[in-house]
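Colleague: Could you work out the structure for the sequence below:
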Amino acid sequence: MAEEKKKIALLYAPLEPDQTQKKRFEDFIAKKYGAEIPLQWVEDQSLTSGFKLIVGEEVYDWTNEGRLH
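Modeller: Model prediction:
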């Protein structure tokens, strides 16, 4: 039986989240997916505001551009 690939949450943002922000992301992910999924910050200076959170194949785009779409 093939081992199931573990999900990881990638947070794309220009600045690393502080502990409070990180906890809020982790709480959201745990509530939404019912499991602890590791959160990894990826520096993205092209984002002028907001963030993108990618968990598996789902994308939460909270950039100004993403919210306009």
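
Colleague: which parts of the strand or helix carrying T20 are buried?
Modeller: In the assignment (DSSP states H and E), T20 maps to helix 19-33. By 16 or more other CB atoms under 10 Å, the buried positions in helix 19-33 come out as 25-26, 29. For every residue, glycine as well, the C-beta is placed using N, CA and C.

Colleague: what residues are up against the spatially closest residue to V59 that is not a sequence neighbour?
Modeller: Spatial nearest neighbour of V59, chain neighbours left out: K52 (6.4 Å); criterion: CB to CB, 6 or more residues apart in numbering. Counting by CB atoms under 8 Å, 6 or more residues apart in numbering, K52 touches 11-13, 44, 59-63, 66.

Colleague: And for G56, the neighbour number?
Modeller: 13 (other CB atoms under 10 Å).

Colleague: and the gap between it and A9?
Modeller: Counting by CB to CB, to the nearest Å, the separation of G56 from A9 is 8 Å.

Colleague: Contacts for the helix holding T20 next, please.
Modeller: 7, 9, 11, 17, 36-37, 39, 53, 55.

Colleague: now with 7 Å?
Modeller: 9, 11, 17, 36-37, 39, 53, 55 (CB atoms under 7 Å, 6 or more residues apart in numbering).

Colleague: circling back: quick one: which of the buried residues of helix 19-33 is nearest T48?
Modeller: Nearest to T48, judged by CB to CB, of these is F25 at 19.8 Å.
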